[in-house]
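> This is the structure alone, sequence omitted:
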């Protein structure tokens, strides 16, 4: 009788426990303010999270959705250009990235960008600059990233 009591308590305790399944779609949180309309913001944020998860093609799709929602969102073009740089694998699609960056020339005159946005865009331009030696590119990027790091923190 005593064993039956313990068995029923055991079954009761473990049958009431809810199992939680992890949210497979959760990528994190973005806390950056960028210039652009509210409709495009979620696409940009998801693209940024995917970019930092090395999901380059999916990130590119999200940045393109942001561009489709707001053709003047400069940071969406920045993000799309960044998806063509795969630093871990030493791969870079220079042609596609520069084609994307060329579209920024018309946008920067329309919307005034924040200093942070300007720094990010300058950094990606250095990354895809054709005529700079690798060492000069790297030192230019490091200076800009240090500047950006201090602005964010």
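Yes, it's here. The structure presented is a predicted model; accordingly, all values stated were derived computationally and were not measured.

> I'd say residue 34 and residue 70 touch.
No. Contact criterion CB atoms under 8 Å: residue 34 and residue 70 do not qualify, at 10.2 Å. From N, CA and C alone the C-beta is placed, and that goes for glycine too.

> Residue 31 sits in which helix or strand?
Using DSSP states H and E, residue 31 falls within no helix or strand.

> tell me the phi and psi of it?
phi -130, psi 80 (degrees, to the nearest 10).

> if I look at it, how far off is residue 48?
Relative to residue 48, residue 31 is positioned 10 Å away (CB to CB, to the nearest Å).

> which one of those two has more residues nearby?
When neighbours are counted by other CB atoms under 10 Å, residue 48 comes out ahead of the other of residue 31 and residue 48, with 24 against 7.

> Pull the contacting residues for residue 42.
For residue 42, no residue meets the contact criterion (CB atoms under 8 Å, 6 or more residues apart in numbering).

> what about it, which SS state?
Three-state assignment for residue 42 (DSSP: H, G, I helix; E, B strand; the rest coil): helix.

> Give me the pLDDT value at it.
We note a pLDDT of 94 for residue 42 in this prediction.

> how far away is it from residue 146?
From residue 42 to residue 146 the distance is 30 Å (CB to CB).

> repeat for residue 50
Relative to residue 146, and taking CB to CB, residue 50 is found at 25 Å.

> Settle it for me: which of the two has more neighbours?
Per other CB under 10 Å, whichever of residue 50 and residue 146 has more neighbours is residue 50, with 21 against 10.

> Can you give me the pLDDT of the more buried one?
So residue 50 comes in at 95 (pLDDT).

> Please apply the same query to the one 5 residues further on.
The predicted local confidence for residue 55 comes out at a pLDDT of 93.

> burial of it, as a residue count?
Quick note: residue 55 (other CB under 10 Å) scores 16 neighbours.
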